[in-house]
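> would you be able to build a 3D model of this:
(2 chains)
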2 protein chains.
Amino acid sequence: MANMVYNFSAGPAMLPVEVMQQAQAEFRNFNDLSVSVMELSHRSSDFIAVAAAAEQDLRDLMQIPDNYKVLFLQGGGRGQFAAVAMNLLGKNAKADYIVTGQWSKSAVEEAEKLGTVRVLDGFGEVENGLRPLASSWDLDPTAAYVHYCPNETVDGIEYHFVPKTGSVPLVADMSSTILSRPIDVTQFGLIYAGAQKNIGPSGLAVVIVREDLLDQAFAHTPVIMDYAAMAKADSMVNTPPTYAWYLAGLVFKWLKRQGGLTAMGERNKAKADLLYNYVDASNFYGNNVHPDARSWMNIPFQLKDESLNSAFLKEAEAAGLVALQGHRLVGGMRASVYNAMPIEGVQALVDFMDKFAKQNA
Amino acid sequence: MANMVYNFSAGPAMLPVEVMQQAQAEFRNFNDLSVSVMELSHRSSDFIAVAAAAEQDLRDLMQIPDNYKVLFLQGGGRGQFAAVAMNLLGKNAKADYIVTGQWSKSAVEEAEKLGTVRVLDGFGEVENGLRPLASSWDLDPTAAYVHYCPNETVDGIEYHFVPKTGSVPLVADMSSTILSRPIDVTQFGLIYAGAQKNIGPSGLAVVIVREDLLDQAFAHTPVIMDYAAMAKADSMVNTPPTYAWYLAGLVFKWLKRQGGLTAMGERNKAKADLLYNYVDASNFYGNNVHPDARSWMNIPFQLKDESLNSAFLKEAEAAGLVALQGHRLVGGMRASVYNAMPIEGVQALVDFMDKFAKQNA
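Just a heads-up that it's a prediction; the model follows:
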């Protein structure tokens, strides 16, 4: 294994090198207390300061208005598939779900256990054999909310606009795009994200929810999924995943040092452009996603000669480019290039791809 | 702050020093991969090996029979309060709950959202002003299960026997006692534990469930709480809390090196005896729990002159004895002495208590 490694894992994904260095250095001696941050009571003043700073830094980065609550929960994005429905379906118990792939489909499965879900096709008309994303739907004005997943990691499909849903609250599973560029939080009723792509390690989910949507949870909602109860208790109805919360806080501080979300958006666009431009110019590799719908975060590509897949992965790994295998449902290759991936990693990948293509042309 | 610190936190609690040393050393380079274990996909062969070894080591330590599934979940003990009810209440939707304190009460609150709960008093007749734990109850033979909490951390109350429930499955919240001594798993239908006391960091819950109790979950059970679905997917229906799982695995290996649960039980009894014997012999400190019901894990004690509480905590901290403040609901002092606390820590506490008593008598 090469000493310098670029890790293209789709999640759990690489974390910023500086964050990992700091975490390692203070692993057993946090705040000069001679104990680890993970050995502190969540009710201790030292940990409460960690938790509060993480929330404030996230609010600063995303410019989250005061009428939104920020929650740090367990259960990942899939836990939120259920929690969103339990908390927001309300009396009518019906919602519209825009489906564009694996994750939005899985969200439907959880919501269907709890109410009536209408599935809306997230794709538009075929153009040159490729399907762009739809931009309007026949929405139900009495639905409790409209749910969508702005970025589908498996197929590498991403909305580069925010769907218009009128007065119906828009709910977004931003697990794979949160913090990757500036967004206008006021366009959303609720945003949630599993942490293990752009926030921190797995085992943490962040929920940003407009206050007026609280207090309508089903009576049988487990308290650990009850947004109103969690908001009232500063996400500490029960013991939170303290170490993941701490690492998320380090990532937020790192993002501020990088120049915030405007700078990250520019960087992420440059990384994506670099790889897509190379693939599009190549006869050896391909990407079959409509240009308007291409993900900045998860970039799938295929070798036109699939018999070379194993050799590609093996040589890439030997060159320090790891976790490039595509999702088990679709095969091929996939480079996940979240915030923590520097452009140098993408350049190293393009250089390797070019060398491999020339050697195997 | 003293350089050598003994951390008596009730949870998140201290982890074994050797475990923390290893975790720090390989924090950014696991298995010589040049990445952190928390940056690996949960579907990678390296992480799957971590996960499988942790399960096997736990099975070895607790001698878990093959007809029990072992699950590694999110949501902590409080998440399991709901999950147990969702998965096990079944068609009759009724259960008996033995209540002895804060945690068993909170378990009732979650189960009452989902079915009919009968609350049974966990205490017996008063003896010399102290209440021992009850040993028999008027149980409902048609209840889906009987739930109890063998160790209540707030009051420091512990069952040193297993309640007899006949053919009705016994469910135990072992968050604060799991792995502290040998138990006979076959006496239980289901055992669960939040990790942050005897297993690892917060953000992980372990569930040990007899196979014949699966497949009766309510239809609205979130998939992340569905034991049968999680068992089928090796606890990876969704991305698990990989770093907490890895640390739990290191703790299990450490326990094996210590001599397993027989050795831990002897050690934990010796630790508890040391502190209780000192308190009982003292005129300065007291403990008001019936001798038959005293916890080995959480040892509350009171200064008879409560006006000295702040000075006690301040001087203890200066001596490197931290997190001794009692639970906010009951006050006083509490020393939590889970597996990771060496007897040297308890001896240091007793030495300090004795010195403080002499200085303030």
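> next one: the most centrally placed residue in chain A from chain B, what distance?
Central residue of chain A (C-alpha atoms, centre = their mean): residue A:176, 1.9 Å from the mean position. Distance, residue A:176 to chain B, by C-beta to the nearest C-beta, to the nearest Å: 12 Å. Backbone N, C-alpha and C define where each C-beta goes, glycine included.
> which secondary structure elements does whichever helix in chain A runs longest contact?
The helix that spans the most residues within chain A, counting by DSSP state H, is helix A:260-281. Secondary-structure packing of helix A:260-281 (3 or more C-beta pairs under 8 Å, 6 or more residues apart in numbering or on different chains; DSSP states H and E): helix A:45-62, strand A:285-286, strand A:298-303, helix A:343-360.
> which residues does the residue nearest to the centre of chain A contact?
Shown in contact with residue A:176 (C-beta atoms under 8 Å, 6 or more residues apart in numbering or on different chains): A:10, A:11, A:151, A:153, A:193, A:197, A:198, A:295, A:297, A:298, A:338.
> picking up where we left off before, next, the angle strand A:298-303 makes with the longest helix of chain A.
10 degrees (axes from the mean of the first three to the mean of the last three C-alpha atoms, to 10 degrees).
> buried ones in helix A:260-281?
Under the neighbour-count criterion of 16 or more other C-beta atoms under 10 Å in any protein chain shown, helix A:260-281 has A:260-261, A:264-265, A:267-268, A:271-272, A:274-276, A:278-279 buried.
> switch those residues over to TSV; also include pLDDT.
Below are these laid out as TSV (pLDDT from 0 to 100):
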residue	pLDDT
A:260	98
A:261	98
A:264	98
A:265	98
A:267	98
A:268	98
A:271	98
A:272	98
A:274	98
A:275	98
A:276	98
A:278	98
A:279	98
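> so for residue B:29, which of the helices and strands packed on helix A:260-281 sits nearest?
With C-beta to C-beta as the measure, helix A:343-360 is the member of these nearest residue B:29 (17.4 Å).
> what's the domain layout of chain A?
A:26-257, A:260-360 (automatic domain parsing).
> so which of these is the most packed in?
Ranked by mean neighbour count under mean count of other C-beta atoms under 10 Å in any protein chain shown, the domains of chain A are led by domain A:26-257, which reaches a mean of 20.
> please state the offset of it from the chain centre?
9 Å (C-alpha atoms, centre = their mean, to the nearest Å).
> endpoints of that domain, how far apart?
Criterion C-alpha to C-alpha, to the nearest Å; first-to-last residue distance in domain A:26-257 is 20 Å.
> how about stretch A:94-113?
Stretch A:94-113 has an end-to-end distance of 11 Å (C-alpha to C-alpha).
> all strands of the stretch 151-300 of chain A, in order?
A:151-152, A:157-158, A:170-173, A:190-194, A:205-210, A:285-286, A:298-303 (DSSP state E, counting those that start in this stretch).
> so where's chain A uncertain?
A:1-3 (pLDDT under 70).
> for it, what spans make up the helices?
A:17-25, A:45-62, A:76-88, A:102-112, A:227-232, A:242-257, A:260-281, A:309-318, A:343-360.
> take those and write them to TSV, including distance to residue B:42.
What follows is these, written out as TSV (distance: least, C-beta to C-beta, whole Å):
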stretch	distance to residue B:42
helix A:17-25	18
helix A:45-62	24
helix A:76-88	11
helix A:102-112	16
helix A:227-232	25
helix A:242-257	14
helix A:260-281	24
helix A:309-318	19
helix A:343-360	22
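> for residue B:247, which of the ones you listed is the nearest?
Between those, helix A:242-257 lies closest to residue B:247; by C-beta to C-beta that is 8.8 Å.
> related to what we said a few turns ago, now, which of the contacts of residue A:176 lie close to chain B?
The subset of the contacts of residue A:176 within reach of chain B, by C-beta under 8 Å from any C-beta of the partner chain, is A:10, A:11.
> which residues of the stretch 251-361 of chain A lie near chain B?
Residues of the stretch 251-361 of chain A lying near chain B (C-beta under 8 Å from any C-beta): A:320, A:322, A:323, A:328.
> any chance of those residues in JSON lines, plus distance to residue A:161?
As requested, these are arranged in JSON lines below (distance: C-beta to C-beta, whole Å):
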{"residue": "A:320", "distance to residue A:161": "36"}
{"residue": "A:322", "distance to residue A:161": "33"}
{"residue": "A:323", "distance to residue A:161": "30"}
{"residue": "A:328", "distance to residue A:161": "30"}
